[in-house]
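Visitor: quick check, what structure comes out for this input:
(chains A, B, C, D, E and F, ligands or ions: 12)
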There are 6 protein chains.
Amino acid sequence: MLRNYLEPTQFAWRRDTETKDPKVKDWIFQAGGDFSFNEGGWDIAVLGVPLSRSSISVSGASEFPEAFRRAWGGFSTYNLDYGTDLKELKVLDLGNVKMHFTDIARSHDNITQAMKYLKEELPDAFPVSIGGDHSVTARLISGLKAAHPGKEIGILQFDTHLDLRDLADHGPTNGTPIRYLIENGIIQGKNVFNIGLHGFFNGQTLLAYAKEHSVNYITLREARKKGIAETVREAVAELSERVDLIYVTIDMDVLDIAFAQGVPASTPGGMSSHELLEGVYEAGLSGKVGAMDIVCLDPTKDTPALATVKTGVYTFLTFLTGVKNREA
Amino acid sequence: MLRNYLEPTQFAWRRDTETKDPKVKDWIFQAGGDFSFNEGGWDIAVLGVPLSRSSISVSGASEFPEAFRRAWGGFSTYNLDYGTDLKELKVLDLGNVKMHFTDIARSHDNITQAMKYLKEELPDAFPVSIGGDHSVTARLISGLKAAHPGKEIGILQFDTHLDLRDLADHGPTNGTPIRYLIENGIIQGKNVFNIGLHGFFNGQTLLAYAKEHSVNYITLREARKKGIAETVREAVAELSERVDLIYVTIDMDVLDIAFAQGVPASTPGGMSSHELLEGVYEAGLSGKVGAMDIVCLDPTKDTPALATVKTGVYTFLTFLTGVKNREA
Amino acid sequence: MLRNYLEPTQFAWRRDTETKDPKVKDWIFQAGGDFSFNEGGWDIAVLGVPLSRSSISVSGASEFPEAFRRAWGGFSTYNLDYGTDLKELKVLDLGNVKMHFTDIARSHDNITQAMKYLKEELPDAFPVSIGGDHSVTARLISGLKAAHPGKEIGILQFDTHLDLRDLADHGPTNGTPIRYLIENGIIQGKNVFNIGLHGFFNGQTLLAYAKEHSVNYITLREARKKGIAETVREAVAELSERVDLIYVTIDMDVLDIAFAQGVPASTPGGMSSHELLEGVYEAGLSGKVGAMDIVCLDPTKDTPALATVKTGVYTFLTFLTGVKNREA
Amino acid sequence: MLRNYLEPTQFAWRRDTETKDPKVKDWIFQAGGDFSFNEGGWDIAVLGVPLSRSSISVSGASEFPEAFRRAWGGFSTYNLDYGTDLKELKVLDLGNVKMHFTDIARSHDNITQAMKYLKEELPDAFPVSIGGDHSVTARLISGLKAAHPGKEIGILQFDTHLDLRDLADHGPTNGTPIRYLIENGIIQGKNVFNIGLHGFFNGQTLLAYAKEHSVNYITLREARKKGIAETVREAVAELSERVDLIYVTIDMDVLDIAFAQGVPASTPGGMSSHELLEGVYEAGLSGKVGAMDIVCLDPTKDTPALATVKTGVYTFLTFLTGVKNREA
Amino acid sequence: MLRNYLEPTQFAWRRDTETKDPKVKDWIFQAGGDFSFNEGGWDIAVLGVPLSRSSISVSGASEFPEAFRRAWGGFSTYNLDYGTDLKELKVLDLGNVKMHFTDIARSHDNITQAMKYLKEELPDAFPVSIGGDHSVTARLISGLKAAHPGKEIGILQFDTHLDLRDLADHGPTNGTPIRYLIENGIIQGKNVFNIGLHGFFNGQTLLAYAKEHSVNYITLREARKKGIAETVREAVAELSERVDLIYVTIDMDVLDIAFAQGVPASTPGGMSSHELLEGVYEAGLSGKVGAMDIVCLDPTKDTPALATVKTGVYTFLTFLTGVKNREA
Amino acid sequence: MLRNYLEPTQFAWRRDTETKDPKVKDWIFQAGGDFSFNEGGWDIAVLGVPLSRSSISVSGASEFPEAFRRAWGGFSTYNLDYGTDLKELKVLDLGNVKMHFTDIARSHDNITQAMKYLKEELPDAFPVSIGGDHSVTARLISGLKAAHPGKEIGILQFDTHLDLRDLADHGPTNGTPIRYLIENGIIQGKNVFNIGLHGFFNGQTLLAYAKEHSVNYITLREARKKGIAETVREAVAELSERVDLIYVTIDMDVLDIAFAQGVPASTPGGMSSHELLEGVYEAGLSGKVGAMDIVCLDPTKDTPALATVKTGVYTFLTFLTGVKNREA
Ligand SMILES: [Ca+2]
Ligand SMILES: [Ca+2]
Ligand SMILES: [Ca+2]
Ligand SMILES: [Ca+2]
Ligand SMILES: [Ca+2]
Ligand SMILES: [Ca+2]
Ligand SMILES: [Ca+2]
Ligand SMILES: [Ca+2]
Ligand SMILES: [Ca+2]
Ligand SMILES: [Ca+2]
Ligand SMILES: [Ca+2]
Ligand SMILES: [Ca+2]
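Guide: Ligands and ions are numbered 1, 2, ... in the order given. This next block holds a predicted model:
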């Protein structure tokens, strides 16, 4: 049962539900300790996944779900680029998946269960997960598959890395989620599209594995030549023909380090915030896209202006704008 | 009388007036306590406006006029992009408008008076104001109007925000200057062009107000497609047909937060420094443009490299390059 | 003799020479105190030049060689943008040129001697110098010329500055290397191409000197219109017709300050990391290019994420990718 | 009526009221929008005063009430130095006094009214105010006096400054609260004891005013010789003979700047955290002490470890420990 | 076998073994991949324990062993306070205990084994462990006990916390080591002395547990009154009568946060660096003390001056000074 | 001639010479480019020495003279600890000694000449030097000796280091000033008193040299036991019997690193600000003390609150308070 795997956030916003110009804080409903959210009708379900003990290098990405929520006061629900008001979407913040402090396997399992029950108990809600490091994506998709065993799932991944490291080395770290899913038969390599790779951040054996398993990737240089939005459009189109459901996973280290000082693995030469926003809007537009996550953003390393946290929230909202603007 | 509303800066540069390669510090003349600047012939008059108590959120933009001056040592007067040497312009730094520490209304009034007298006592000087938060623009334009009651004034605004908040809520904050000017009959909404809006930073009621009053805006996404310089050129051309005098106001939060950590309200997805520089040069070129300000830059929040302060100075100098290069 | 002018680094990596996915740390061989590197076959020779006492303003660029080496653990040898594995190049890290703490002239002389002997003792190795401030380039090229007195040397310079200051003012600082080389008859002005100038960072007398000596420069605005890679290609092509050997010098202050908080003289409006990487790859491709350096990166001023240091290493590796991919 | 002058905090903790080891967050009750707190029995009433527009220099002390609350999760209710568990005190967090963004006088007036009504509506609760800059103390004590017109009030002030600046200069800033109270006949100078003055941070005319009005001060050097706790004990004893009620005001700039980087006016040579804690415990012990505030702590300037904010919370809790441990 | 549980550090110092004024880097011998250290005669064996995934809150204490070693260049081996040159001690740096990235239990077990084999294979070496979070102490002492099953072990703990949390809650985190040892019968509560507790950082149930198990603690207030050195002397004397071997564990959060910004759990009101140094020297003097560790120092959160890392190294060296100066 | 060796500061304060509560900025007279200061009557002459190229490690101490002056606005002239108003001293700021950017020997020579001419042209002024790194002290005292060849000069040094490194190694760096003076026969070792040594920051050969030349030192541990002021008093008394003139040199690295993040060589366990202030006041009181300097404070590394720069100014003013309070 979903509520067994959840805990409410420590802080809650006091929502102003009467303002004409709502902020995100006034709009999203935060489930409390009683988790009485089943009355339903939710369009979007937000799930915090505060796990980053599983990260190869030190990461405070576990703190992003909380920082994400705290930043809601700085965003209107209205996106003037598209004339879209998100407040017409009914969004539920479920709180966070329960984590164990020293048993990572149990924490990972909780994530799988939470996603599975979420899809069972709130079948009409679009799940958005706020990580946590990238290891959580393997479990979220596992849970999704468990809820929809008959569906073929594809992945659209924004990342500087392939995430195809060998699980035998150190278990299911943030370097392994795509490999985990392939090796556990949950995803086929050919149904993965990675956008954003560049430079010297993936070893040659990982590329070899990608080729062997037909994982698709479009480097950032190539994507820039074609345009990020067009690149996403084509990837989604190709995936849509092959799968029943596309999962969008956004590793914030796809951003250039100048735009993302608060992502431990971001690198020079990555995407600008503007480019990422164009890409995620496009992804949100597709009716095949059925779940999304944002990972690897470590607010403890952000600049004092919280530039990276704000980019994380903006990415979430822009994706939802795409979702909202899907053709009927 | 102008000098009643001014106070000299606490520090003054020792100018080297003989060097062949002057720095900005060697070039701009800083008026002292006697304000003996009437001997005249000034092309440009710089006015510091150290007010940010009127800012909705905490702001040290009051410190920018001083930080702006301190950064002069790092800039030559020569712009090699255009082969233009600014030293041929005669520039007077008037010091700062006098501020009261606890009576914001009086500070605001001083700004209006300072601008009015500036235009009366130095009618041939082009006023450049260095803020302070954006509330000061409402007063600067009020003073300009008072000095030129018969002139129709238009506004070219670089901003992430519309600045059309309701004055009834909390008085004339930095969220209200455009609305203040419209409601006080100083400016017509149709004579305002805002460039730079994007994302989730303006509520829907503000957009409704903008439409109701025919305020023009070009979102950053649209401006990028057309090119920032071309966008500015078209806006200026359209304004030029309608008004006698264009006031350019640059809210530095139009910049992407990665380029402007020292602007409290800057956001992801905004302009790059390069884009802003292209835009302000274009604006400076127009003979209809008759005054300019830079606001909302808070040096107390800048990076140790002073990236934002330097961008503020560079913006000022690039605008002046446009002014210098106007066709005869 | 080369080893008289060198000292080993204080720290050394423990290399894993058996891994299939080597990191840069596992690949580059670091010479120890015995400097027994003459067994030979080296493709690339890396030389640290820890001198920045000669910088006009305070600089910790002397610390970059060490920071550069410490960052090797974060980079694979494989560049997936070009499908190129650098591990096939045999790279020797010679350690650092010996510096004297209070006798700058002696330090400068050591640099000249180190480069001269490097070319004599390791004639087939391509020298890459890691600075230090830009004054070192004058000495590195002087040493190169001493080793190849009959060769005409050209310079491709990425820089926000012309580096043509008068040596009579304060001796051979980081503002003077190009002038030093011209005035000492080592380089002809017409064989210098500078890419990256913009804005207000060079006085008019320096431009006059550049014109008088036919120093070529392409401003960043012009380069952006044409494309950075194409601009480099054309400059290299033109140089290739005139000289025997091209020296590429990369002053990291060519980057926009948002991308390079750790370069004391970087400015707003400069190159993005992405643009610089495109340019240096192109430069590396040319068979005429025979030496390279990276200067003016001060790790003591970098952001906590080490964004600038990482950009320095990435620049080095991307240049080598060009070298590796030269047509046979 | 009190609730007219209050607004609830934007965030609220979810309290765990069943834990055996409560954190401060689990213990303090936060009033919501309905302010139904009159059911009573409160021992302590916490009032946030988010005003720092009135500060002479830029201050974000307005953000301390929120930061103060957010830090509650890091403190147990149990003080093991004294074996005292604060959870036995019933503490109500009233939220914040309503502030106007551009009318400082109105904000000041709201503070007076809030304190007055607090004492009328919650007469048995001990008021603790969390500032804001020091100008708020003048209004809090004015409100206290309005509620208790017949009582003689004394002040125990921890401060690096006398706060006796002339109100004619810039109105009621943070440099004036003690003078405001003296000049408005609310307090007699002889009933003020200032502990913590040192060095070069008060002009001679302020000392002259202090002497003229018999304001008492013990410099930090003198207090250290005697011991901070003993100094406080004597001051309280002397005040207790003269007044009906002692108000303790803690300007956090009394701390040495090494301990309080997040207090804009803190200076070298000030108190250590340890010394301040000893002093406030002693103050809390006295039955004559009837109200307390903490001011001038600016969390926007704190270190990343939040050293100053934590010191502010610890100071509050240690004072309450004294209150709890008063002799029956 | 010890070497099975170790891995060498990635970097190694090049030691200058001929200098008359050695730095710590020139003195400590760093074992390489072959671990050929059995030739023996080592007085001190340093063991890095890079584990902080087990920390309750996000911690980069896993990075301290590496940062600790990098800071060796800034310390002489000569302590002039005591006229003691440490170079006469033969010190071996064993490298780090092997860690697994996602299996914390295995990492913990490796620590136990490493300590056990260390004492078996290097019985005459005094083990010094460099953590890591405080959970590692439970395993280090377990390993020590396994090597010396017949010995009664006592603990001298410098800490702001009791570390007696319930293991049932989240397993063996950094909040549990003392309880772990008591509950596993490795240590008796009465043989634990904790120095440094203060304020609101331990819940009442933990105190109750401490009392129930006769854990001894001297609060910092009490220790200051008596003097830190004297307090340590008495605790060691008392322990010496009861146990065969004293283990000294130094949780760096015992320091005041102003002295230890780089320790996540440090608090205001803690020890000064000076006080801690006095205490650890005294502890080192006792012949009963047979092992020591330093934990919870997170260099990723340190100030740019590396104030906390330097304090960690200084603490280590001062403790060794005590060891060196033990009476024969 | 003095003026040949000076250059004015780039910035100058606008002094308010009529205020009753002068700030330090209103009090000290800053000599301009004409250096017309010979009209005389100066009690104190301040000399900026912006040299730190001679520092062993990277240092921006060259920036302290400017930062020192910019901080004057935050200090009153009145010291309430002693009831002393410094404004009765007539203080001249001579500007800075001219420096050469690449010829350190010439810069050093300029310092000697500046001090020599200062004493000849302003014989009644007490020279206070604001460094720069500690190498400047050797030259300042050399200049003093040149002006007073017949006087025996003693040194009272506050420092964590002996500054007795061998000049043969790297010339006259900041590690050598005392040895330079001894080896050049300007000072006798027995007339040097060093207060503040502690820990592991001086090699044993330096101690041996100190003993060989009878250099006196009192470690900080010893000084704390006796009291810093008493320690200074005794050192000054002993020196006063032996020499004609005492030079006080304050290496700010004598401070604990928690109090002096902006001093590159400060260490844990050093003096608190409070202790240093007590010491320098005592030193200033002695009629034998005839010159003073403050060195090694690097404002480019200071905290955002400028804690270290403020401590430097406070130290200067407190020393002058001692000078002012000398017995007639
Ligand atoms: Ca990833
Ligand atoms: Ca990644
Ligand atoms: Ca605005
Ligand atoms: Ca704005
Ligand atoms: Ca250059
Ligand atoms: Ca340059
Ligand atoms: Ca105060
Ligand atoms: Ca104060
Ligand atoms: Ca602990
Ligand atoms: Ca602890
Ligand atoms: Ca020294
Ligand atoms: Ca020193």
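Visitor: tally of neighbours for the nearest residue to A:Asn79 once chain neighbours are set aside?
Guide: Take A:Asn79 and drop its neighbours on the chain: the residue closest to it by CB to CB, 6 or more residues apart in numbering or on different chains is A:Thr321, 4.7 Å away. Any C-beta I mention is one placed from the backbone N, CA and C, and that applies to glycine too. Residues near A:Thr321, counting by other CB atoms under 10 Å in any protein chain shown, number 25.
Visitor: who touches A:Ile257 in this structure?
Guide: Taking CB atoms under 8 Å, 6 or more residues apart in numbering or on different chains, we find A:Ile257 in contact with A:263, A:266-268, A:270, C:305, C:307, C:310-311.
Visitor: mind checking pLDDT for A:Gly40?
Guide: Note for A:Gly40: predicted pLDDT of 74.
Visitor: spell out the residue ranges of the strands in chain A.
Guide: A:6-7, A:11-13, A:29-30, A:44-49, A:78-79, A:84-85, A:91-97, A:126-131, A:153-158, A:192-195, A:216-218, A:245-251, A:289-295 (DSSP state E).
Visitor: which other helices and strands contact the fifth one?
Guide: Okay, so that is strand A:78-79. Where contact means 3 or more CB pairs under 8 Å, 6 or more residues apart in numbering or on different chains; DSSP states H and E, strand A:78-79 is packed against strand A:84-85, helix A:307-324.
Visitor: just the residues contacting it, thanks.
Guide: A:21, A:84-87, A:317-318, A:321, B:199-200, B:202-204, B:207.
Visitor: chain center to it: distance?
Guide: 21 Å (CA atoms, centre = their mean, to the nearest Å).
Visitor: which non-adjacent residue is nearest the residue of the stretch 1-150 of chain A found nearest ligand 1?
Guide: Nearest residue of the stretch 1-150 of chain A to ligand 1: A:His134, at 3.7 Å (CB to the ion). Among residues not flanking A:His134 along the chain, A:Asn174 sits closest, at 4.1 Å (CB to CB, 6+ apart).
Visitor: is stretch A:128-141 anywhere near ligand 2?
Guide: No. Using CB under 5 Å from the ion, we find that stretch A:128-141 stays clear of ligand 2, coming within 6.2 Å at best.
Visitor: can you count the residues close to the closest residue to A:Val248 other than its chain neighbours?
Guide: Closest residue in space to A:Val248, ignoring its immediate chain neighbours: A:Met292 at 4.3 Å, by CB to CB, 6+ apart. For A:Met292, the neighbour count with other CB under 10 Å is 27.
Visitor: what about A:Met292, distance to ligand 11?
Guide: Distance from A:Met292 to ligand 11, counting by CB to the ion, to the nearest Å: 59 Å.
Visitor: ok, that residue - contacts?
Guide: A:Met292 sits in contact with A:126-129, A:247-250, A:283-284, A:319, where contact means CB under 8 Å, 6+ apart.
Visitor: okay, the residues you listed in TSV with distance to D:Ile182, neighbour count and pLDDT next?
Guide: Formatted as TSV, these follow (distance: CB to CB, whole Å; neighbours: other CB atoms under 10 Å in any protein chain shown; pLDDT from 0 to 100):
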residue	distance to D:Ile182	neighbour count	pLDDT
A:Phe126	64	20	98
A:Pro127	63	23	98
A:Val128	59	20	98
A:Ser129	60	30	98
A:Tyr247	69	27	98
A:Val248	65	25	98
A:Thr249	65	27	99
A:Ile250	61	29	98
A:Ala283	66	26	98
A:Gly284	63	22	98
A:Phe319	60	25	98
